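[1] Got a predicted model here, sequence first, then my questions.
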Amino acid sequence: MVSTRVLSPRVAVIWAAFFNFVAAFGLGTAVAKTMGKGMIRLEAVNLYVILAGLLGAIVWDVLTWYYGLPVSSSHALIGGYAGAAIAKAGWSVILPSGWTKTLVFIFLSPGIGLVLGAILMTSAYWLFRRWPPQRVDRYFRKLQLLSAAAYSLGHGSNDAQKTMGIIAGTLFTAGILKQFYIPFWVILMAHAAIGLGTLAGGWRIVKTMGMRITKLKPLGGFCAETAAAASILGTAVAGIPVSTTHTIAGGIMGVGSIQRLSAVRWGVARNIAWAWILTIPASGLVAALVFWALHRLFPAA
């Protein structure tokens, strides 16, 4: 919305943050349950593992934010959590069933976003082929408000749930919860946190997504956001922790490639893709190193 000039930067982040938080009501906790108990054996997890996992994810997130690379915080969290758990108890802590669908969708989610974005863009060009460009622009400036709201709902529903899963796992590991479930106050906290994070701006990422991959107009912004929203909301209901970053980036590339292949800056896309590939192992390695350091300081870890 910033790059297409539908809203000013300040209003755009408020709009997105509001729908990040609204996603707390009614979109379930299937992703949180997968994240909290479906990927790592909880009996091998303690508070040091969770702390090391979070620190591993944060280090990778801050590093890639500094360089303006829109990587998946979700996959950084998954990688950090797994890396710390493996450092503590070995590879046997991994639950293959939870990882299979997650790893498959690392590759599928950008592809789904790209294909849906391209289909929507092609359909829109055909449906509105007789309209003057100025009229199309005015029409989709309004529609992009709805597509951005839907994408922000999907972002909140999927990404906030990953944090919920980690928090619930912490509470269960600490003995505060007698069985694993997601308390409502945890749901509210996670969505409030992601909304506040959106309000903070993240302008380096905004610039990369909105301007460096391809030039977007309201029609293209609507198609990319709608494609991403459809795939993210679907996977949230199915309990698959996909990357909203991967999906929207794929949607933007699909929209750009329909205009012409050279409209997409494939060099930028290549750098983003490498960052995607490295996210899980890099955050996992940092988390493992942090856990080993904590274990040296606190042998009980």
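    Yep, that arrived. Numbering: from 1, shown residues only.
[2] what ranges do the helices span in the stretch 101-250 of the chain?
    Counting by DSSP state H, counting those that start in this stretch, the stretch 101-250 of the chain has helices at residues 133-173, 184-199, 203-207, 218-238, 244-259.
[3] what's the most buried one of these?
    Highest mean neighbour count of those: helix 244-259, a mean of 27 (counted as mean count of other CB atoms under 10 Å). To be clear about C-beta, it is placed using only N, CA and C from the backbone, and glycine gets the same treatment.
[4] Show me how far that one is from its chain's centre.
    Relative to its parent chain, helix 244-259 has a centroid offset of 14 Å by CA atoms, centre = their mean, to the nearest Å.
[5] Tell me which other helices or strands that helix touches.
    When contacts are defined as 3 or more CB pairs under 8 Å, 6 or more residues apart in numbering; DSSP states H and E, helix 244-259 packs onto helix 73-89, helix 96-127, helix 133-173, helix 218-238, helix 266-297.
[6] returning to what we had before: same list (the helices of the stretch 101-250 of the chain) but as a markdown table, adding distance to G90 and mean pLDDT.
    Shown next, in a markdown table, are the helices of the stretch 101-250 of the chain (distance: least, CB to CB, whole Å; pLDDT from 0 to 100):
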| stretch | distance to G90 | mean pLDDT |
| --- | --- | --- |
| helix 133-173 | 18 | 90 |
| helix 184-199 | 29 | 92 |
| helix 203-207 | 35 | 74 |
| helix 218-238 | 30 | 87 |
| helix 244-259 | 29 | 83 |
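[7] Please convert these to JSON lines, extending it with distance to L63.
    JSON lines is the format used below for those (distance: least, CB to CB, whole Å):
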{"stretch": "helix 133-173", "distance to L63": "19"}
{"stretch": "helix 184-199", "distance to L63": "17"}
{"stretch": "helix 203-207", "distance to L63": "12"}
{"stretch": "helix 218-238", "distance to L63": "24"}
{"stretch": "helix 244-259", "distance to L63": "15"}
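[8] Can you check which of these gets nearest to W60?
    helix 244-259 (12.9 Å; CB to CB).
[9] can you state the direction angle for that closest one and helix 96-127?
    30 degrees (axes from the mean of the first three to the mean of the last three CA atoms, to 10 degrees).
[10] Determine the angle, from 0 to 180 degrees, between helix 244-259 and helix 73-89.
    Per the same axes, to 10 degrees, the angle that helix 244-259 makes with helix 73-89 is 140 degrees.
[11] tilt between helix 244-259 and helix 218-238?
    140 degrees.
[12] follow-up on the earlier one: of the helices of the stretch 101-250 of the chain, which is nearest P299?
    P299 sits nearest to helix 133-173 of all these, at 18.5 Å, using CB to CB.
[13] so what does the closest one touch, helix or strand wise?
    The contact analysis (3+ CB pairs under 8 Å, 6+ apart) places helix 133-173 against helix 9-22, helix 30-37, helix 47-66, helix 73-89, helix 184-199, helix 218-238, helix 244-259.
[14] got JSON lines for the helices and strands packed on helix 244-259, with distance to I205 too?
    Shown next, in JSON lines, are the helices and strands packed on helix 244-259 (distance: least, CB to CB, whole Å):
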{"stretch": "helix 73-89", "distance to I205": "10"}
{"stretch": "helix 96-127", "distance to I205": "16"}
{"stretch": "helix 133-173", "distance to I205": "13"}
{"stretch": "helix 218-238", "distance to I205": "15"}
{"stretch": "helix 266-297", "distance to I205": "11"}
